[in-house]
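K.L.:
this is the structure alone, sequence omitted:
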């Protein structure tokens, strides 16, 4: 008979081999965890899809610069002070927030992470320049019809190259371009998630044998990485890490998985001519 202690041990996991993963804003949150001085030793690997990497445009601003927006939210909610604001029902908070967003010229910046002096102490670019980020293995990439695809592609590549230049563990970059069946939206923002998680059967789209093979490979890459910090295995094509001499990424999608690169002019054209969508 199994004891409670045996059951607990079997399901406790390995505290020294934790992988964190996020997509879009979730990838940006993972990125902040990798930059914070408070997270040393808390996780061993990180996966960032469509939002990983560092740029001056997306770096956290000082908290005081965002007070104006949140004061406007408080006013929209008729809150006299911070205590009343904290007690505001969720539905009323979102109503006030939406109203304030309509009057804010840069609501994306106002709603992003801020330098609070504790979790985020300085701009991301300064953290990286000083080599103070988490030096762990990374898996990072984006999709061909993503939100701001050339910017995300450059951010991901720069992050991997920085890790290599600072003699950090291997970092692996991917580029997903499977034009999903069912409509003409292509490889849009978040379209890769069904493949990474092996959940094609839970989607309405008319996936084919090609999609199932691709998903099986991507699940293998992801789980290999989570277990060992290296996505490679006997059942998948070789995925080379980015370093000083190797700048290619793993192409996943329309063609069999292989090392290659994406066309930056094409990504710029996509951003200027195609409305980014999600599902």
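P.N.:
Received it, and whenever you're ready, just let me know what you need. What you see is a predicted model; the values in this text were computed from it and never measured.
K.L.:
and stretch 68-86, what's buried?
P.N.:
Within stretch 68-86, the residues that count as buried by 16 or more other CB atoms under 10 Å are 69-70, 72-74, 76-77, 79, 85. Placement of C-beta: from N, CA and C, glycine included.
K.L.:
quick check, nearest of those to residue 126?
P.N.:
residue 69 (23.9 Å; CB to CB).
K.L.:
work out for me the element that closest one sits within.
P.N.:
helix 67-76 (DSSP states H and E).
K.L.:
following element in sequence after that helix, please.
P.N.:
helix 82-86.
K.L.:
show me what counts as buried in the helix or strand following that next one.
P.N.:
Next helix or strand after helix 82-86 toward the C-terminus (DSSP H and E): helix 90-102. Of all the residues in helix 90-102, those buried under the rule 16+ other CB under 10 Å are 93, 96-97, 100-101.
K.L.:
swap in stretch 108-117?
P.N.:
Quick answer for stretch 108-117 (16+ other CB under 10 Å): 109-115.
K.L.:
stretch 149-161 now?
P.N.:
For stretch 149-161, by 16+ other CB under 10 Å, it's 149-153, 155-157, 159-161.
K.L.:
also stretch 28-39?
P.N.:
In stretch 28-39, counting by 16+ other CB under 10 Å, buried: 28-36.
K.L.:
what's in contact with that stretch?
P.N.:
Contact partners of stretch 28-39, identified using CB atoms under 8 Å, 6 or more residues apart in numbering, comprise 20-22, 42-43, 46-48, 51-54, 58, 60, 112-113, 118-121, 124, 127-128, 132-134, 136.
K.L.:
filter the residues you listed down to just the ones in helices.
P.N.:
If you go by DSSP state H, those have 124, 127-128 in helices.
K.L.:
okay if I get these as a markdown table plus distance to residue 172 and pLDDT?
P.N.:
Below are the ones in helices among the contacts of stretch 28-39 laid out as a markdown table (distance: CB to CB, whole Å; pLDDT from 0 to 100):
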| residue | distance to residue 172 | pLDDT |
| --- | --- | --- |
| 124 | 21 | 93 |
| 127 | 22 | 95 |
| 128 | 18 | 95 |
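K.L.:
got a winner among the residues you listed for most neighbours?
P.N.:
Counting neighbours by other CB atoms under 10 Å, residue 124 comes out on top of those with 22 neighbours.
K.L.:
my guess is residue 254 contacts residue 178. True?
P.N.:
Yes - contact criterion CB atoms under 8 Å: residue 254 and residue 178 qualify, at 6.2 Å.
K.L.:
more neighbours: those two, which one.
P.N.:
The neighbour comparison of residue 254 against residue 178 (other CB under 10 Å) goes to residue 178, with 23 against 13.
K.L.:
residue contacts, the more buried one?
P.N.:
Contacts of residue 178 (CB under 8 Å, 6+ apart): 187, 191-192, 195, 211, 214, 252-254.
K.L.:
please apply the same query to residue 166.
P.N.:
131, 135.
K.L.:
now it: how far from residue 124?
P.N.:
Separation of residue 166 from residue 124 (CB to CB, to the nearest Å) stands at 15 Å.
K.L.:
ok, residue 53 - how many residues close by?
P.N.:
By other CB under 10 Å, neighbour count at residue 53 equals 26.
K.L.:
tell me the pLDDT at residue 66?
P.N.:
Looking at residue 66, its pLDDT reads 86.
K.L.:
next, the buried residues of stretch 164-183.
P.N.:
164, 168-178, 180.
K.L.:
and it, how far apart are its ends?
P.N.:
39 Å (CA to CA, to the nearest Å).
K.L.:
what is the mean pLDDT for that stretch?
P.N.:
The pLDDT scores in stretch 164-183 average 97.
K.L.:
please apply the same query to stretch 46-63.
P.N.:
In this model, stretch 46-63 has an average pLDDT of 89.
K.L.:
between the two ends of that stretch, how far is it?
P.N.:
Stretch 46-63: ends 26 Å apart by CA to CA.
K.L.:
so how far is that stretch from its chain's centroid?
P.N.:
9 Å (CA atoms, centre = their mean, to the nearest Å).
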